[in-house]
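Undergrad: Fold the following, please.
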Amino acid sequence: MPERRLRVLTWHVHGNYLYYLTQVPHDFYLVTDAERSTHHTGRSGTLPWGDNVHEAPVERIAGMAFDVVLFQSRDAYDSEQHRILSPAQRALPRIYLEHDPPQAHPTNTVHWVDDPQVLLVHVTHFNALMWDSGRTPTRVIEHGALPLAEARWRGELECGLVVVNNLDRRGRRLGADVYEQVRRQVPLKLVGMGAERIAGGAGEVAQQALPALMASHRFFFHPIRYTSLGLSLIEAMMVGMPIVGLATTELPTVIHDGESGFVDTRIDRLLEAMRLLLRDPAEARRIGDNARRVALQRFHIGRFVEDWKDALESVAG
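TA: This is a model prediction of the structure:
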């Protein structure tokens, strides 16, 4: 018997993650509004959305048929569902996808989803460890990535690459001060939304162009103190970039120090690693090749798709 295609209602919260999620062979309906406001932008941007990705205008949603509701933000869960979903739709199988670690207190924050009938999906084991998920059943589905363009590391530019959106507005948590401290001592280029507002920033880069840009730089620097595991870091690993980053959150379980990159809480130690990579391209290639092998094994899109198929089909019965 052919597999039943599920109809999944969700929101456009993180573009690249949503693109990877929609590699799952079910139908995804993205909440949209006339203003294309935050989280309501639908099939937006330059990502090559598949035929299984549809738009669901807010004024029509209550009359549409779905099998699963996949929440990705607190506002959608706490507020919007009560405005746009019918009572029957609010009783559908539900998943809450939590992209981040706790933002208030790193260990004592109770997750707002408090419902044994909802599946709470965390994207890293660190996040699952830190959240107090209470009585809500949880599952970890680690990232999977599917590069939007073929590229392999060359590293001809003696410069590190940093990929963070709006770094100047996100402060210490995202490592704005760490970036500035390191930039004064080794060459770094920052890309991402708003990057042009910061010294060393080159502005935003289209997703399809990012792999080639990564391939040209000597190493990838991750200055972030506290976050989930960034997709751009995984994409850099898949290109074959050596990674240098702070040994915080999930990253120490991904990068083996001295093998697939360098992780430490000492900035001086990370600067030494960067200088090594800048003066020794052969060592940079060795470490980057190891990083690529780790990424292809741990974050393979096929594993990610199977994990999400299992989660969706289990809640939908």
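Undergrad: can you pull the contacts of the closest residue to residue 192 other than its chain neighbours?
TA: Counting by C-beta to C-beta, 6 or more residues apart in numbering, residue 165 is the residue found nearest to residue 192 once chain neighbours are left out, at 4.3 Å. All C-beta atoms are positioned from the backbone trio N, CA, C, and that covers glycine. Neighbour list for residue 165: 192-194 [criterion: C-beta atoms under 8 Å, 6 or more residues apart in numbering].
Undergrad: I'd like the mean pLDDT over stretch 184-199, please.
TA: Mean pLDDT, computed over stretch 184-199, is 94.
Undergrad: got a list of what the most centrally placed residue in the chain touches?
TA: The centroid of the chain falls nearest to residue 231 when counting by C-alpha atoms, centre = their mean (4.0 Å). Applying C-beta under 8 Å, 6+ apart to residue 231 gives the contacts 14, 16-17, 20, 143, 145.
Undergrad: ok, of the residues you listed, which one's closest to residue 40?
TA: Ranked by distance to residue 40 (C-beta to C-beta), those are led by residue 14 at 14.0 Å.
Undergrad: How much space separates that closest one from residue 311?
TA: According to C-beta to C-beta, to the nearest Å, residue 14 stands 17 Å off from residue 311.
Undergrad: Between the two ends of stretch 255-265, what distance do you get?
TA: One end of stretch 255-265 to the other measures 14 Å (C-alpha to C-alpha, to the nearest Å).
Undergrad: And for it, what's in contact with it?
TA: With C-beta under 8 Å, 6+ apart, stretch 255-265 has contacts from 219, 237, 242-248, 251-252, 254, 269-270, 273, 287, 290-291, 293-294.
Undergrad: Can you say which of these are buried?
TA: 219, 237, 242-246, 248, 251-252, 254, 270, 273, 287, 290-291, 294 (16 or more other C-beta atoms under 10 Å).
Undergrad: In helices only, show me the residues you listed.
TA: 237, 251-252, 254, 270, 273, 287, 290-291, 294 (DSSP state H).
Undergrad: and stretch 46-64, average pLDDT?
TA: The average pLDDT within stretch 46-64 is 96.
Undergrad: Now do the buried residues in that stretch.
TA: 47, 49, 53-56, 61.
Undergrad: can you pull out the helices in this structure?
TA: Ranges of helices within the chain are 15-21, 74-75, 81-84, 87-90, 125-130, 167-170, 176-183, 210-216, 231-239, 251-254, 267-279, 281-298, 301-316, based on DSSP H.
Undergrad: Would you single out the least confident of these?
TA: If you rank those by mean pLDDT, helix 167-170 sits at the bottom with a mean of 93.
Undergrad: Please identify the buried residues of that one?
TA: 167-168.
Undergrad: helices and strands around that helix, which ones?
TA: Under the contact criterion of 3 or more C-beta pairs under 8 Å, 6 or more residues apart in numbering; DSSP states H and E, helix 167-170 touches helix 176-183.
Undergrad: any idea of the angle the helix it packs on forms with helix 267-279?
TA: If you take axes from the mean of the first three to the mean of the last three C-alpha atoms, to 10 degrees, helix 176-183 sits at 50 degrees to helix 267-279.
Undergrad: Give me the residues contacting helix 176-183.
TA: 162, 164, 167-168, 170-171, 188, 190, 198-200, 221, 223, 225, 246, 267, 270-271, 274.
Undergrad: Show the buried residues in those residues.
TA: Buried among the contacts of helix 176-183 by 16+ other C-beta under 10 Å: 162, 164, 167-168, 188, 190, 198, 200, 221, 223, 225, 246, 270-271, 274.
Undergrad: What is the nearest of these to residue 24?
TA: Closest to residue 24, out of all of those and judged by C-beta to C-beta, is residue 164, at 27.8 Å.
Undergrad: Distance check, the closest one against residue 204.
TA: 11 Å.
Undergrad: Give me the common contacts of those two.
TA: Common neighbours of residue 164 and residue 204 (C-beta under 8 Å, 6+ apart) are 192, 195.
Undergrad: got the contact list for residue 276?
TA: residue 283.
Undergrad: quick one: it and residue 269, what's the gap?
TA: 11 Å.
Undergrad: Ok, residue 69 next?
TA: 46 Å.
Undergrad: now swap in residue 14 and tell me
TA: Counting by C-beta to C-beta, the gap from residue 14 to residue 269 is 31 Å.
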